[in-house]
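Enquirer: mind looking at a prediction? Sequence and model below.
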Amino acid sequence: MTVEDYLNLETNQVYQNLLRQILENREQGYTIVDELKESEKYKKDSEFRANVQTAEVVLLLTEGNQHELVIERLTKFIEVLEALKYNYLLTSNLNTLANAYFLMGKYEHALEIYYRIIQIEKENNLTAVTATIYINIGLIYFQAEMYDKAIEHYELALDFLEQNKNTVPRYKETLTHIYCEILNAYAIMREFNKMPPLIEKLESLDIDRTSFDIQYAVLAALMYVDFFTNKPEEAKKKFEKIKAMVANNLPYLTNSVIPFVMMSIEMGLPQSFYLDELLSIESLVVETNPRGIAFGYRELKKYYLSEGNQEKVDELNEKYIKALEENLEANHEKQRDSLRLVSNLVEGKETAEQKNYKNRELRMIAEEAIRNKNELEIAYKRIEMIHSIGLKLNSSLNLQEVVEFIYENIRANMPLDSFVIFVAEPKHKRLRSLATYGYKSPKEEYIVEMDNPNSMIARCYNTGEMLSSEDPFFNEVIERQKQVTLGTLFNAKAALYVPIIIEEEVIGVYTVQSDRVGLFAEEDVTFLNELHPFISIALRNAIYSRDLSAEIKSHLDTQEILKSVNDQLISANEQLEYLAGIDQLTQINNRRSYEDKYQRMIFFAEESKKSLAVFMMDIDDFKLYNDRFGHIEGDEVLKKIAQIIDSAVSKRSGAAARFGGEEFIAVCIGLSQNEALELAEEMLRSVRDLKIENPASENKQISISIGIAMSLKDHSKKKFQLSHWADEKLYEAKKNGKDQAMLVVVE
């Protein structure tokens, strides 16, 4: 259509026709929009202007990296549309706003807006975008790997479309889009028997005559089908067509290359089949698909490792961790919980008063979900950082390297002006500085007598506790130490003193200090506490190594010393490795350790042709308990239940772990269905026997719910889905009244 055609159209038809043209040719779309904005009609007719502006924002969204700008523009524009009562444009712009949130991974915001659109169209007898909204909601569940729920919403879209086929714009294209998404879900769920009718419908289409987004969706869906039906060469042909279509559009290219590489690897294809695509991953957009990009970086590391390119491996390792930080799996679980809450709130028929109340609830849930996500992201980054520091500390026995590495990492993660580290010399009843950083004219060495009553260093060593400038006796020490150099170290206004402890023995002290009052926050103390075991072990190893070197120089004939210290180093390294895999609160496996054991158990179960069962467990109404009794009591409950689960699962040669918050996960090999349920009942009974009161809960005492997913064969093909299926059964157990177990068996 030309500019003249648009000027002569009925105003309420302008946007839908513009949208079609934009999706077919984005560059031409920009040209037409710019020319329409110069017309007199655009300047004088507010409704015409709103139609053109609506199309312009869609164009902006298709650029792929303007999500925040889209949100900023639409926030103001939507208020105008509401005031002017242009409801058919209001729903389209709300859809664009929700899509921007969706593309940023903010699913809670997107979902809230999607349901709002459905309500607006229903109240105003509109049909323009409701089917598309159901598809978009399905895509959110698809991203969360809740495929049954995704299909449920695709089918809602299908039903709505069939009931309103004469009034829904772009009917055939929307119908095709639904078929593609259902096909994708069936392919991933491996429900191949349901796919032929959909494949037949898609292959019968002349997609060259459809819009860009439909061509892309059809080719992507058929590529998935070819992979899952063991036709990789056909899949590659479709991928090449997709690549030619998307050209330099990085977001689309990212969401094409990543699935192609992932599917190639999952199907066990030779690396040569997908090597070019694998090597291209570094040039893709992380924000578009951080989870997939992280997977790609991991595979690239393996490739460069096999090529002996350590520099490239190190570079990719940093990128890999950064991508992981942008896609927190624990947040993935929190988002699922939020989705369920939002879905439950909006389903069903309510009065106007109830709807207003639930809309407020939706906002509260979305805000809480975002807070949870931010907290989890921070926690995950810290875990990755601590783990990385621990591994690097463990890799060196050079004392100077270890001390410098400790200082650099503390300085990078918390504010400080100075840092001093001391080691104890019990024979001489003193502490001697190993290194001093941050002072303008530091001495080469500082000595602190262990019995010095006016020294914070000595006090920290003798008590074995972390001390800070917030402690009441700090100012007293400063007053007594005005003429004494060490003890407060240069009259610092804010300071932390941390004992270095190995097996209940204090072997030294380090201090971080600042000239600014009250600089150190609670998270700084937490960081030092988390880093503590790694620093202690690494320092002891390095000190032993230094002392050993000196001993060997003077006693070359004393080989037993080397063996003894070497054994201690091995033991310390084993202890460090153990710490990295243990949840610090409950003292059972953490999620990282569980993933390693899970992979090994999948391999063993397949080799021995035994079943594999995954258990997901969650403490019922635990938030109510924490609200009533506080987090300290809550932590005690977590410890007790963790030990019950770990003990019961260990008896069956399984592995259990804290999954996050009040959730636990476990895996066992070789259980029958009855044995899996018996194990679950044993854990349920043991928790009941604790008889811990929880007055605000339905059961009036602490209980757990359990979901079990059992695989009978081909476990590795289902390794990602098993925990999700177990999570679904856990959710059913919760809905059924809690304090029970539910099981699903998959072939």
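Expert: Noted; the coordinates are in hand. Numbering: from 1, shown residues only.

Enquirer: check contacts around Ala495.
Expert: 456, 468-469, 474, 488-489, 511-514 (Cβ atoms under 8 Å, 6 or more residues apart in numbering). For every residue, glycine as well, the C-beta is placed using N, CA and C.

Enquirer: now those residues as CSV including secondary structure, pLDDT and distance to Glu523?
Expert: Below are those laid out as CSV (DSSP: H, G, I helix; E, B strand; the rest coil; pLDDT from 0 to 100; distance: Cβ to Cβ, whole Å):
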residue, secondary structure, pLDDT, distance to Glu523
Met456, helix, 86, 22
Ser468, strand, 82, 14
Ser469, coil, 79, 16
Phe474, helix, 70, 20
Thr488, coil, 43, 24
Leu489, coil, 47, 23
Thr511, strand, 87, 18
Val512, strand, 86, 14
Gln513, strand, 85, 18
Ser514, strand, 81, 15
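
Enquirer: make JSON lines out of the residues you listed and add distance to Arg20.
Expert: Below are the contacts of Ala495 laid out as JSON lines (distance: Cβ to Cβ, whole Å):
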{"residue": "Met456", "distance to Arg20": "73"}
{"residue": "Ser468", "distance to Arg20": "65"}
{"residue": "Ser469", "distance to Arg20": "67"}
{"residue": "Phe474", "distance to Arg20": "71"}
{"residue": "Thr488", "distance to Arg20": "74"}
{"residue": "Leu489", "distance to Arg20": "72"}
{"residue": "Thr511", "distance to Arg20": "68"}
{"residue": "Val512", "distance to Arg20": "62"}
{"residue": "Gln513", "distance to Arg20": "66"}
{"residue": "Ser514", "distance to Arg20": "62"}
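
Enquirer: ok, those vs Asp5, which is closest?
Expert: Nearest to Asp5 among the contacts of Ala495: Ser514, at 68.7 Å, using Cβ to Cβ.

Enquirer: how close does that closest one sit to Asn184?
Expert: 54 Å (Cβ to Cβ, to the nearest Å).

Enquirer: these two: which has the busier surroundings?
Expert: Neighbour totals were compared for Ser514 and Asn184, and Asn184 leads with 24 against 20 (other Cβ atoms under 10 Å).

Enquirer: so how many other residues sit close to Leu434?
Expert: 21.

Enquirer: over to it. Which of the three states is it?
Expert: In the three-state summary, Leu434 is assigned as strand, counting by DSSP: H, G, I helix; E, B strand; the rest coil.

Enquirer: skipping adjacent residues, who's closest to it in space?
Expert: Ile421 (4.9 Å; Cβ to Cβ, 6 or more residues apart in numbering).

Enquirer: OK, contacts around Glu299?
Expert: Here Glu299 is in contact with 261, 265, 278 (Cβ under 8 Å, 6+ apart).

Enquirer: how near is it to Val687?
Expert: 41 Å.

Enquirer: swap in Lys427?
Expert: 52 Å.

Enquirer: okay, those two: which has more neighbours?
Expert: When Lys427 and Val687 are compared on other Cβ under 10 Å, the one with more neighbours turns out to be Val687, at 24 against 6.

Enquirer: is it true that that one touches Ile641?
Expert: Yes: between Val687 and Ile641 there is a contact under Cβ atoms under 8 Å: 5.9 Å.

Enquirer: need the overlap of contacts for the two.
Expert: 702, 704.

Enquirer: residue ranges in the stretch 501-650 of the chain under the pLDDT threshold?
Expert: Within the stretch 501-650 of the chain, the stretches with pLDDT under 70 are 503, 518-519, 530-580.

Enquirer: contacts for the helix or strand containing Leu679?
Expert: Leu679 is part of helix 673-689, with elements assigned from DSSP states H and E. The contact list for helix 673-689 (Cβ under 8 Å, 6+ apart) reads 613, 615, 617, 641, 644-645, 648-649, 652, 668, 671, 701-704, 706, 708, 710, 739-741, 743, 745.

Enquirer: list the buried residues of it.
Expert: For helix 673-689, burial by neighbour count (16 or more other Cβ atoms under 10 Å) applies to 676-677, 679-680, 682-684, 686-687.

Enquirer: how about that helix as PDB, C-alpha atoms only?
Expert: In PDB, the C-alpha atoms belonging to helix 673-689 read as follows (Å, rounded to 0.1, in the frame of the first residue of the first chain):
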ATOM      1  CA  GLN A 673       7.100 -47.300  41.800                       C
ATOM      2  CA  ASN A 674       6.100 -48.700  45.100                       C
ATOM      3  CA  GLU A 675       9.600 -48.300  46.500                       C
ATOM      4  CA  ALA A 676       9.700 -44.700  45.400                       C
ATOM      5  CA  LEU A 677       6.400 -44.000  47.200                       C
ATOM      6  CA  GLU A 678       7.500 -45.900  50.300                       C
ATOM      7  CA  LEU A 679      10.600 -43.700  50.400                       C
ATOM      8  CA  ALA A 680       8.400 -40.600  50.100                       C
ATOM      9  CA  GLU A 681       6.100 -41.800  52.800                       C
ATOM     10  CA  GLU A 682       9.100 -42.500  55.100                       C
ATOM     11  CA  MET A 683      10.200 -38.900  54.700                       C
ATOM     12  CA  LEU A 684       6.600 -37.500  55.200                       C
ATOM     13  CA  ARG A 685       6.200 -39.600  58.300                       C
ATOM     14  CA  SER A 686       9.600 -38.600  59.800                       C
ATOM     15  CA  VAL A 687       8.800 -34.900  59.300                       C
ATOM     16  CA  ARG A 688       5.400 -35.400  61.000                       C
ATOM     17  CA  ASP A 689       7.100 -37.100  63.900                       C
END
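
Enquirer: how far is it from where the chain is centred?
Expert: Centroid separation between helix 673-689 and its chain, computed with Cα atoms, centre = their mean, to the nearest Å, is 31 Å.

Enquirer: cool, stretch 407-414 as well?
Expert: On Cα atoms, centre = their mean, the centre of stretch 407-414 falls 25 Å from the chain's centre.

Enquirer: re the thing from before, averaged pLDDT, the helix holding Leu679. What do you get?
Expert: For helix 673-689, mean pLDDT rounds to 96.

Enquirer: what helices or strands is the very next helix or strand once past that helix leaning on?
Expert: Downstream of helix 673-689, the first helix or strand assigned by DSSP H and E is strand 704-711. For strand 704-711, the packing partners by 3 or more Cβ pairs under 8 Å, 6 or more residues apart in numbering; DSSP states H and E come out as strand 612-619, helix 673-689, helix 719-735, strand 741-746.
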